[in-house]
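Trainee: Below are the sequence and a predicted model; questions follow.
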Amino acid sequence: MEQDLKKAGLMLKEKGIRQSQPRLMLLDLLTREYGHFSAEELYESLRDAAPALSKTTVYNTLEHFVQAGLVRRLTIRQGEALYEAARPVHAHFICERCSRIVDVPMDMDALLGQVPSGYEILRKEVYFRGVCPQCDKR
């Protein structure tokens, strides 16, 4: 855990972000645990280890991380933002039955040739929706 916090500290330093215990813990959790998390889930995961942590701090820190490129915000579910560590760009498959989200490797840059000239791309997001193998067996 101590080594993971040091890694998180280096990542913050590289982006010019001041280190604080909540920032270190949140970035450590996002980079150590592979997945897609709501701010509420992240808050609940850290609450016992950091009782003084507030939901507002989690939301503000996540926004700061998104702006710095450390974390990616996903809008997979209507009205709910999910967050993941900024890893190589990829697509997502969402199961319509169980809501499982799976990363799908994809060369997003190959899609850029299909965008008409003159359009400015602000984010690259591709979502596939369907039924996962576990739900398909039921």
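Mentor: Perfect, I can see it now. Numbers count the residues shown, from 1 in each chain.

Trainee: now D103, which residues is it bridged with?
Mentor: H92 (DSSP bridges).

Trainee: Return the residues in contact with it.
Mentor: 87, 90-93 (C-beta atoms under 8 Å, 6 or more residues apart in numbering). Yep, even glycine has a C-beta here, placed from its N, CA and C like the rest.

Trainee: Out of the residues you listed, grab the one that's most surrounded.
Mentor: Counting neighbours by other C-beta atoms under 10 Å, H92 leads those with 19 neighbours.

Trainee: ok, that one touching T75?
Mentor: No. Applying C-beta atoms under 8 Å as the test, H92 and T75 come out as separate, 10.6 Å apart.

Trainee: anything in contact with each of these two?
Mentor: Residues touching both H92 and T75 (C-beta under 8 Å, 6+ apart): E125.

Trainee: Where is pLDDT lowest across the contacts of D103?
Mentor: Taking the contacts of D103 together, the minimum pLDDT is found at R87 (84).

Trainee: residue nearest the centroid of the chain?
Mentor: E84 (1.4 Å; C-alpha atoms, centre = their mean).

Trainee: beta partners for that residue?
Mentor: R72.

Trainee: per-residue confidence for it?
Mentor: pLDDT for E84: 94.

Trainee: Select the helix or strand of the protein having the lowest average pLDDT value.
Mentor: Least confident helix or strand, the chain: helix 108-111 with a mean of 81, by mean pLDDT, DSSP states H and E.

Trainee: Dump that one to PDB, restricted to CA.
Mentor: The C-alpha coordinates for helix 108-111 follow below in PDB (Å, rounded to 0.1, in the frame of the first residue of the first chain):
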ATOM      1  CA  MET A 108      -9.900   5.000 -31.700                       C
ATOM      2  CA  ASP A 109      -7.600   6.800 -34.000                       C
ATOM      3  CA  ALA A 110      -8.600   4.600 -36.900                       C
ATOM      4  CA  LEU A 111     -12.100   6.000 -36.500                       C
END
